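Participant: What shape does this take:
(chains A, B, C and D)
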Number of protein chains: 2
Amino acid sequence: MQTIEQVLESKDIRVTAMRLLIYKFLAEKEVAVTLSDIEHAFVKADRTTLYRTIKTFEEKDIVHQIDDGTGITKYALCENGCNCEIETDLHLHFHCNNCNETICLTEHKIPQIKVPEGFVSENVNLVVKGICDKCSGQ
Amino acid sequence: MQTIEQVLESKDIRVTAMRLLIYKFLAEKEVAVTLSDIEHAFVKADRTTLYRTIKTFEEKDIVHQIDDGTGITKYALCENGCNCEIETDLHLHFHCNNCNETICLTEHKIPQIKVPEGFVSENVNLVVKGICDKCSGQ
DNA sequence: CAATAATTGCACTTCCATTGCAAGTATTAG
DNA sequence: CTAATACTTGCAATGGAAGTGCAATTATTG
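Facilitator: Numbering: from 1, shown residues only, chains lettered A, B, ... in the order given. Have a look, this model is predicted:
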């Protein structure tokens, strides 16, 4: 098990207090978060810093962006099984219409999608919407 | 073949000049359009009117909204084969990374997606990104 | 320790989506 | 036909999210 410091360093990201905190925040959340989620969690920090931290994480492939159709970009840590830098490794996301949370279903790979003649598929975004286990259960 | 007037009336939408024009515009376009596309096509009309017209069309199920991941909502007429009011009728959308256009692949139905135990799937949004036939071909 | 590079915070800006209100236009009842 | 009512349109303004420039601070390297 690597420390967060090691993870960051291995990706050429300088270790700062801010980045450690944000990484930890993302790691603790099991759902994808918006920028304003992070903002609310770190009221002392500046919006821009949070924004740029996430962007850095994204560039260095330790976070991936999720477009769940709510219109607001969400982010989640790339971990165990998520190799989102590889175009062909695509997992799907589930958005709960009840609690409004979005989670990565990392084990669920997206089936091969056929596109018409002349079209070249480079990337697939698949979001399933419905009721999540927590909300449907009881 | 119904006239546009008949289409609108059958959906309980009052026929106005504005609505006929916007419907015609959407019908002529074979790609999904953004609000500002419409805005540029109808510079004389007010943004709000265009916005509300599209929203009315959407409510009455003659237009469906597409979230292609560009961050800007696009709209397309529901026609021949698109029954988007029925949750189970889901076609996919193709977004071209080159020309930035998004089209409905109405004939291409989304395969059944399995979700984990406890999750209830109500809706699926699938956007394939890549190069469209016009851009890839010649 | 000095020079350099990266990070953070502040102040803006832009863009899209959305709403309130007033004016105009169409529809319906009397 | 006219008055009352409902719907539509345009204007103005708001809010939220994303993104950028610049200065100040902090870290890194020689």
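Participant: mean confidence for the longest strand seen in chain A?
Facilitator: Scanning chain A for the longest strand, with DSSP state E as the assignment, gives strand A:120-131. Taken as a whole, strand A:120-131 has a mean pLDDT of 90.
Participant: what residue of chain A is the furthest out?
Facilitator: If you look at how far each residue of chain A sits from its centre, by CA atoms, centre = their mean, the farthest one is residue A:117, at 32.1 Å.
Participant: what's the distance between that one and residue A:50?
Facilitator: Noted for residue A:117: a distance of 45 Å to residue A:50, by CB to CB, to the nearest Å. In short, each C-beta sits where N, CA and C put it, glycine included.
Participant: Now residue A:57. Its backbone dihedrals?
Facilitator: Taking degrees, to the nearest 10, you get phi -60, psi -40 for the backbone angles of residue A:57.
Participant: er, residue A:33 I mean
Facilitator: Residue torsions, per degrees, to the nearest 10, at residue A:33 are phi -120, psi 150.
Participant: Now do the contacts for it.
Facilitator: Applying CB atoms under 8 Å, 6 or more residues apart in numbering or on different chains to residue A:33 gives the contacts A:25-26, A:74-76.
Participant: how about 7 Å then?
Facilitator: Applying CB atoms under 7 Å, 6 or more residues apart in numbering or on different chains to residue A:33 gives the contacts A:26, A:74-75.
Participant: Of those residues, which belong to strands?
Facilitator: Taking DSSP E, the ones among the contacts of residue A:33 that sit in strands are A:74-75.
Participant: between the contacts of residue A:33, which is nearest residue B:31?
Facilitator: residue A:74 (26.7 Å; CB to CB).
Participant: Surely that closest one is in contact with residue A:68?
Facilitator: Yes - Residue A:74 is in contact with residue A:68 according to CB atoms under 7 Å; the separation is 6.0 Å.
Participant: Need the residues touching each of these two.
Facilitator: Residues touching both residue A:74 and residue A:68 (CB under 7 Å, 6+ apart): residue A:102.
Participant: got the contacts of residue A:33 as JSON lines, with neighbour count, distance to residue B:6 and pLDDT columns?
Facilitator: Formatted as JSON lines, these follow (neighbours: other CB atoms under 10 Å in any protein chain shown; distance: CB to CB, whole Å; pLDDT from 0 to 100):
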{"residue": "A:26", "neighbour count": "22", "distance to residue B:6": "53", "pLDDT": "96"}
{"residue": "A:74", "neighbour count": "22", "distance to residue B:6": "42", "pLDDT": "95"}
{"residue": "A:75", "neighbour count": "22", "distance to residue B:6": "47", "pLDDT": "95"}
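Participant: which residue is nearest the middle of chain A?
Facilitator: Centroid-nearest residue in chain A, with CA atoms, centre = their mean: residue A:76, separated by 2.1 Å.
Participant: Does it have any beta-bridge partners, and if so which?
Facilitator: Per DSSP bridges, the residues bridged to residue A:76 are residue A:64.
Participant: can you pull the pLDDT of it?
Facilitator: On the pLDDT scale, residue A:76 is placed at 93.
Participant: and residue A:9, helix, strand or coil?
Facilitator: helix (DSSP: H, G, I helix; E, B strand; the rest coil).
Participant: Could you check how far residue A:49 is from DNA strand C?
Facilitator: Taking CB to the nearest atom of the strand, to the nearest Å as the measure, residue A:49 falls 3 Å from DNA strand C.
Participant: Which secondary structure state does the nearest residue to residue A:108 once chain neighbours are set aside sit in?
Facilitator: In this structure, residue A:108 finds its nearest non-sequential neighbour in residue A:92, 5.2 Å apart by CB to CB, 6 or more residues apart in numbering or on different chains. What three-state DSSP gives for residue A:92 is strand.
Participant: Now residue A:98. Its backbone dihedrals?
Facilitator: Per degrees, to the nearest 10, the backbone of residue A:98 is at phi -90, psi -60.
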